[in-house]
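Chemist: Mind folding the following:
(one chain, ligands or ions: 2)
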Amino acid sequence: MMAIPVCLIFWCLWMKLIAIKSEMLTRNFSQQPSYTDKWPKVIIAEEYRAESTLSCASMCRPYCSCFGYQHSTKTCRVFDFCRSQDTGNETGWVYYKTPTECDGNWMAYNGHYYILNQTKLSQPDAISECKKCGSFLVEINDEDENKWIEEHLLKDVYCTDKYDCSSWTGGNDIDTEGQFVWGHSKTPITYTNWEPYNPDDIYYQIKIRDCVDIFYDGQWNDRPCDFLANFICEK
Ligand SMILES: [Ca+2]
Ligand SMILES: [Ca+2]
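Modeler: Ligands and ions are numbered 1, 2, ... in the order given. This is a model prediction of the structure:
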């Protein structure tokens, strides 16, 4: 009579363990479709026998950031890091890697990808952060792009004084006061959507408002580059 409940308890515990392991895999690794059935030739990998994707994942910790698993041969490959270039074809391989902060929810528009980062940084530090993910501080070239950014990236940004929650663009007039350029492409800013009282650096004797931020309503402002603001990366 007691055997069935005990079995049930063990079965429940076993299922719970599998659920925890699955959650661990989902949380720590994400499947990389671009690597499926590829062999990353340039990387020296260690190969092990593993009974499952999960046991392969456990071999990847703590020093590797990427692993591949081939179910048919139960082979697990563990890498220090993944690279997508220089690959040859193999069959039956599925690869996973540790997500980085660059794997966030980039939104696509007109052939580019955008993300709003709500860490408050100066414009130079925001530029560096975008670069880490192969992107640049956003450059807004026309009204449609500005409208899309307002409606998709800034729609949930709100504060009572909009000057307190603006986001850096990649614009500046550091070299020549009043001549705004996009910092990444080094091209003059042609389309603008200035807030009615901005840019207002011209009214001050000391010209320190040299970087361009965008309010949640899509209008632009000039302000000191060391102000700490959200920022939008584009790639
Ligand atoms: Ca200025
Ligand atoms: Ca201003």
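
Chemist: Can you tell me the centre-most residue of this structure?
Modeler: Most central in the chain under Cα atoms, centre = their mean is residue 102, positioned 2.9 Å from the mean C-alpha point.

Chemist: and that one, that's in a strand?
Modeler: No: counting by DSSP: H, G, I helix; E, B strand; the rest coil, residue 102 falls outside a strand, being helix.

Chemist: separation between it and ligand 1?
Modeler: Distance of residue 102 to ligand 1, computed by Cβ to the ion, to the nearest Å: 31 Å. The C-beta positions use only the backbone N, C-alpha and C, and glycine is treated the same way.

Chemist: which ones are touching residue 158?
Modeler: When the contact criterion is Cβ atoms under 8 Å, 6 or more residues apart in numbering, the partners of residue 158 are 165, 216.

Chemist: and whatever helix or strand residue 94 lives in, average pLDDT?
Modeler: Using DSSP states H and E, residue 94 sits within strand 93-97. Mean per-residue pLDDT for strand 93-97: 86.

Chemist: on that earlier part again, quick one: the residue nearest to the centre of the chain and residue 133 touch, right?
Modeler: Yes: with contact defined as Cβ atoms under 8 Å, residue 102 and residue 133 form a contacting pair (3.6 Å).

Chemist: I'd like to know how many residues surround the residue of the chain found nearest ligand 1.
Modeler: Residue nearest to ligand 1 within the chain: residue 201 (3.6 Å; Cβ to the ion). When neighbours are counted by other Cβ atoms under 10 Å, residue 201 registers 17.

Chemist: For the closest residue to it other than its chain neighbours, give me its contacts.
Modeler: Using Cβ to Cβ, 6 or more residues apart in numbering and skipping the chain neighbours, the partner closest in space to residue 201 is residue 209 (4.0 Å). Going by Cβ under 8 Å, 6+ apart, residue 209 touches 199-201, 222-224.

Chemist: do the same with residue 60
Modeler: Residue 60 neighbours (Cβ under 8 Å, 6+ apart): 29, 66-67, 78, 96.

Chemist: now it: how far from ligand 2?
Modeler: Counting by Cβ to the ion - residue 60 and ligand 2 are separated by 49 Å.

Chemist: re earlier: can you pick the most crowded of the contacts of residue 209?
Modeler: Of all those, the highest neighbour tally under other Cβ under 10 Å goes to residue 222, namely 24 neighbours.

Chemist: Please settle this for me: is residue 150 part of a helix?
Modeler: Yes: counting by three-state DSSP, one finds residue 150 located in a helix.

Chemist: Report how many residues lie close to it.
Modeler: Here the number of neighbours of residue 150 (other Cβ under 10 Å) works out to 18.

Chemist: My guess is it contacts residue 218. True?
Modeler: Yes: proximity of residue 150 to residue 218 meets the contact threshold set by Cβ under 8 Å, at 3.4 Å.

Chemist: Tell me where the model's unsure across this protein.
Modeler: 1-27, 34, 39-44, 82-87 (pLDDT under 70).

Chemist: ok so, going back, quick one: which of the contacts of residue 209 sit in strands?
Modeler: Among the contacts of residue 209, the members falling in strands (DSSP state E) are 222-223.

Chemist: Check the contacts of residue 209 one by one and keep those near ligand 2.
Modeler: Within the set of the contacts of residue 209, contact with ligand 2 (Cβ under 5 Å from the ion) is found for 200, 222.

Chemist: Save the contacts of residue 209 as a markdown table, and put in distance to residue 52 too.
Modeler: Compiled in a markdown table, those are given as follows (distance: Cβ to Cβ, whole Å):
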| residue | distance to residue 52 |
| --- | --- |
| 199 | 60 |
| 200 | 62 |
| 201 | 61 |
| 222 | 57 |
| 223 | 54 |
| 224 | 55 |
